[in-house]
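>>> Task: produce atomic coordinates for the following.
(one chain, ligands or ions: 1)
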Amino acid sequence: MNVLETVNLTKKYGSFYAVKDVNFQVSSGEIFGFLGPNGAGKTTTINMLTGLLQPTTGKVYLDGQQFDSRSVESKRVFGYAPDEPVLYEKLTLSEFLDFIIRIYDLDYQAATTRAEELLELFELANSSYKLLGSFSRGMKQKASLVASLLPDPKIIILDEPTSGLDPRSVKRLKDLLTREAQRGKAVFMSTHILEIAEKMSHRIGIIQHGELKALGTMDELYSQKNQTPHSSQEDETNLEQLFLELTGGDEHEYLE
Ligand SMILES: Nc1ncnc2c1ncn2[C@@H]1O[C@H](COP(=O)(O)OP(=O)(O)OP(=O)(O)O)[C@@H](O)[C@H]1O
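Numbering: from 1, shown residues only. Prediction:
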């Protein structure tokens, strides 16, 4: 069942299309990887999925309902961690998570247990009484991820979730998202890390200049370009080549 869907989603600034007629669906139990070069329209798309930006035209459906950024019910179905963590720096992590429990009106006992598990997983348990303002970049990213996952939402929307994380945290996040998908959650994730997209995603969308250039499973993307998946030890090179070809073939475009 589709729980996240866009229909001709478009954002225009003056005459410039940041996102143009983007259509995709994400089902329960699916991890959807969203790729694209810098400035392609990933964050703009995510901002429209989460109500931070009003689309110029087009629609977003979350859990079968047209998204209304003024509706609390619309927002209750998803958890979101932005590319830059947005935290209340004068709160401790524990106070911040309490705040999340209250605004989502979560069952206190169940949410506290889940918070403890997530803090343990991300090695933040010993930092829960520290001010968020004193956290390192990676710790802030992890706190933001914990907050997005705490309400146990049906839809998990993550913008560059591994950015700033150490290798152990990346591994734990990957395993956690895989488990969440197995539990029936829909995961929408933008990433620049092709290996993560390939290994974790059931389907991938590649956006460039605001338009979806490709959409499908890895095998479907490979077959569109007449490449053979997993044909050699150079899978990553294949995926890199595929990405570069789909987005214009110029490797310099993708360098950060
Ligand atoms: N408020 C704005 N006004 C005008 N143009 C904007 C605005 N916000 C974004 N853009 C433009 O829209 C395009 C898409 O930007 P967006 O942030 O969605 O890219 P992105 O794919 O997330 O890039 P990155 O991978 O670098 O984070 C860019 O050309 C950007 O300059």
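
>>> check contacts around residue 52.
residue 69 (C-beta atoms under 8 Å, 6 or more residues apart in numbering). C-beta coordinates here come from the backbone N, C-alpha and C atoms, glycine included.

>>> go on, residue 142?
122, 123, 124, 165, 169.

>>> And those, which is closest to the ligand?
Closest approach to the ligand among the contacts of residue 142 (C-beta to the nearest ligand atom): residue 165, at 16.7 Å.

>>> Now do the closest one: how many residues are near it, please.
19 (other C-beta atoms under 10 Å).

>>> pLDDT at it, what is it?
At residue 165, the pLDDT value in this model is 94.

>>> quick one on the thing from earlier: among the contacts of residue 142, which lie within strands?
Counting by DSSP state E, none of the members of the contacts of residue 142 fall within strands.

>>> For those, give me CSV that also has distance to the ligand.
CSV is the format used below for the contacts of residue 142 (distance: C-beta to the nearest ligand atom, whole Å):
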residue, distance to the ligand
122, 23
123, 27
124, 25
165, 17
169, 21
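
>>> For PyMOL, write the selection for the buried entries among these.
Selection command for PyMOL covering only the buried members of these, criterion 16 or more other C-beta atoms under 10 Å:
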select buried, resi 122+124+165+169
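
>>> Same list, the contacts of residue 142, but as a markdown table with distance to residue 135 please.
Converted to a markdown table, the contacts of residue 142 look like this (distance: C-beta to C-beta, whole Å):
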| residue | distance to residue 135 |
| --- | --- |
| 122 | 12 |
| 123 | 12 |
| 124 | 9 |
| 165 | 13 |
| 169 | 13 |
